[in-house]
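*Asks:* model the following, please.
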Amino acid sequence: MTSSTFSNLARGAREASLSLAIKTRADKDGALHAMADSLLAHEDAILSANSEDMERSRAAGVGEALLDRLQLDSSRLEAMALGLRSLASLSDPVGEVIRGWQLPNGVHVDQVRVPMGVIGIIYEARPNVTADAAGICIKSGNSVLLRGSSTAVSSNQAIVVALKQGLSDACLDPRAIALVEGDRSVTDEMMAARGLVDVLIPRGGASLIDAVVRGAQVPVLETGSGNCHLYVDASADQKIAIDIMINAKTQRPSVCNALETLVVDSSIANEFLPQAIMALTDHGVTIRGDQRARIIDPNLLEVEEWDHEHLSLDIRVAIVDGIEKAIDFIRSHTSGHSETIISSDAAHQKKFVNDIDCACVFVNASSRFADGEQFGFGAEIGISTQKLHARGPMGLSEMTTTKYVLTGDGQVR
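*Replies:* Residues are numbered from 1 along each chain as shown. A predicted model of the protein is given here:
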């Protein structure tokens, strides 16, 4: 894709966003259902394209975690279609009055949700993001420029063909969804497209996010990596702790809300840790421990570092002396994504919730619930670890901004 081609694509998306912004909920919901129907109608082409991506990635030595994110099958395609239909069932955020009041001079002020305009999304692998992101942007009245990775290029091409066909079938401008293709220079141009792109959202590994944040001239909504901890308090129900630990680590280890570090209170470590090690080992998890953990079980591997995502069946174990030390440890290593406490002590639960600064805090529940669909958002663009208007799973409301509407009957200042 050349510079002029990207410019034409972005200008087309801008024009489409103007008409999309004023469409009714019925118009947009009809388009979402048509997009879902079109995905399923194009199943053979999409899965064939995905097979090309998988074969090419395996030959290039891509790791299992990334391959799991890349792979599509009939059930995952059906889930993508269901996600679009779920979005159609949700309330339309556009036009929602967030607050309103009357000034002393009689002028009425409303703060109203409106679309952002053109949203650019730069993401790695995971072709399901292509459908989720497009659906959320359409429902919230935005056009979307999708910049996927070369790993998923064939899958993304086939998915976007299907989604654009759905828009056309619903009589909406198909330019509202566009796939940005080409070399790194096109990404650089996308990051510099002030006036054409209203906001960029990077979704992927830390290196991708950092590159976009540092290089963009367009405002950025930043998603984050998930170095997620689970603290087992002295008062924890240990069966619940084991069940949640196994779910959070093994249910889908390649995603950002999976557990990476187990933190155990020293007062129960001799009792709890052998149970935890047995359960993790039974599920094929490789375990590394700090010095105190390796005294309890000398077979544990040494911890090499505490700050990165494994995104695999690997876990670290730390033993701490009480909740204060647990909070200090997590604060030192958290990525700000999702942190969990297992505790029966209400005061400890409250302290953990208040003192841990991250997008999602869990009390006696698995961090695998840190997900837009699980929150009832239908789907998500990603999980923001920033502290701007969007934090945690980003759904429809997070893809809107606001404007103030003032109504009077002749007042002047």
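*Asks:* ranges for the helices of the stretch 151-300 of the chain?
*Replies:* Taking DSSP state H, counting those that start in this stretch, the helices of the stretch 151-300 of the chain run over residues 153-169, 184-191, 206-215, 238-250, 266-282, 291-296.
*Asks:* stretch 330-348: which residues count as buried?
*Replies:* 330, 333-343, 348 (16 or more other CB atoms under 10 Å). Every C-beta, even on glycine, is put in place using the N, C-alpha and C of the backbone.
*Asks:* stretch 124-144 too?
*Replies:* Neighbour counts over stretch 124-144 (16+ other CB under 10 Å) mark 124-144 as buried.
*Asks:* and that stretch, end to end?
*Replies:* Start-to-end span of stretch 124-144 (CA to CA, to the nearest Å) is 16 Å.
*Asks:* average pLDDT across that stretch?
*Replies:* Mean pLDDT, stretch 124-144: 94.
*Asks:* so which of the buried residues of stretch 330-348 is the closest to Leu167?
*Replies:* For these, the minimum distance to Leu167 (CB to CB) is 33.0 Å, reached by His337.
*Asks:* sorry, back to before: among the buried residues of stretch 330-348, which lie within helices?
*Replies:* The helices, defined by DSSP state H, take in Ile330, His333, His348 from these.
*Asks:* excluding chain neighbours, give the residue nearest to the first one in space.
*Replies:* When the adjacent residues along the chain are set aside, Ile330 lies closest to His229, with 4.9 Å between them (CB to CB, 6 or more residues apart in numbering).
*Asks:* give me the pLDDT value at the one you found.
*Replies:* 98.
*Asks:* that one: neighbouring residues, count only.
*Replies:* If you count neighbours by other CB atoms under 10 Å, His229 ends up with 27.
*Asks:* follow-up on the earlier one: tabulate the ones in helices among the buried residues of stretch 330-348 (JSON lines), appending distance to Met35 and pLDDT.
*Replies:* Shown next, in JSON lines, are these (distance: CB to CB, whole Å; pLDDT from 0 to 100):
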{"residue": "Ile330", "distance to Met35": "40", "pLDDT": "98"}
{"residue": "His333", "distance to Met35": "40", "pLDDT": "97"}
{"residue": "His348", "distance to Met35": "46", "pLDDT": "98"}
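*Asks:* how many residues are close by Asn270?
*Replies:* Using other CB under 10 Å: Asn270 sits among 12 other residues.
*Asks:* measure the closest residue to it other than its chain neighbours to Val264 for me?
*Replies:* Distance criterion CB to CB, 6+ apart; nearest residue to Asn270, sequence neighbours excluded, is Ile296 at 6.2 Å. Remark: distance between Ile296 and Val264 (CB to CB, to the nearest Å) = 9 Å.
*Asks:* and these two? Which one has more around it.
*Replies:* Using other CB under 10 Å as the criterion, Ile296 and Val264 rank with Val264 on top: 29 against 17.
*Asks:* ok, now which ones touch the more buried one?
*Replies:* By CB atoms under 8 Å, 6 or more residues apart in numbering, the residues touching Val264 are Tyr231, Val232, Phe272, Leu273, Ala276, Ala293, Val317, Ala318, Ile319, Val320.
*Asks:* okay but the fifth one is in contact with Leu262, surely?
*Replies:* Put plainly, it is Ala276. Yes - Ala276 is within contact range of Leu262, at 6.6 Å (criterion: CB atoms under 8 Å).
*Asks:* show me whatever sits in contact with both of the two.
*Replies:* Val232, Met245, Val317.
*Asks:* okay if I get the residues you listed as TSV plus neighbour count and pLDDT?
*Replies:* Below are these laid out as TSV (neighbours: other CB atoms under 10 Å; pLDDT from 0 to 100):
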residue	neighbour count	pLDDT
Val232	27	98
Met245	24	98
Val317	24	98
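*Asks:* which of the residues you listed lies closest to Lys403?
*Replies:* Distance to Lys403, by CB to CB, is smallest for Met245 among those, at 46.1 Å.
*Asks:* how near is the closest one to Asp314?
*Replies:* 14 Å.
*Asks:* thinking again about what came up before, Val232 versus the residue nearest to Asn270, what's the distance?
*Replies:* Ile296 is 14 Å from Val232, where distance means CB to CB.
*Asks:* same check, this time on Ser51
*Replies:* For Ser51 relative to Val232 (CB to CB), the value is 42 Å.
*Asks:* before we move on, the earlier item: deepest of the helices of the stretch 151-300 of the chain, which one?
*Replies:* Neighbour counts (mean count of other CB atoms under 10 Å) averaged over each of those peak at helix 153-169, with a mean of 23.
*Asks:* who are the packing partners of that one?
*Replies:* Under the contact definition 3 or more CB pairs under 8 Å, 6 or more residues apart in numbering; DSSP states H and E, helix 153-169 sits against helix 25-41, helix 43-59, helix 128-139, strand 177-179.
*Asks:* mean confidence for the first one?
*Replies:* Right, the one you point to is helix 25-41. Summarised as a single mean, pLDDT over helix 25-41 is 98.
*Asks:* what packs against it?
*Replies:* Under the contact criterion of 3+ CB pairs under 8 Å, 6+ apart, helix 25-41 touches helix 74-89, helix 128-139, helix 153-169.
*Asks:* closest to Pro393 out of the ones you listed?
*Replies:* Across the helices and strands packed on helix 25-41, Pro393 has its closest neighbour in helix 128-139 (10.7 Å, CB to CB).
*Asks:* quick one: distance of whichever helix or strand comes after that closest one to the chain centre.
*Replies:* Next helix or strand after helix 128-139 toward the C-terminus (DSSP states H and E): strand 143-147. Strand 143-147 sits 16 Å away from the centroid of its parent chain (CA atoms, centre = their mean, to the nearest Å).
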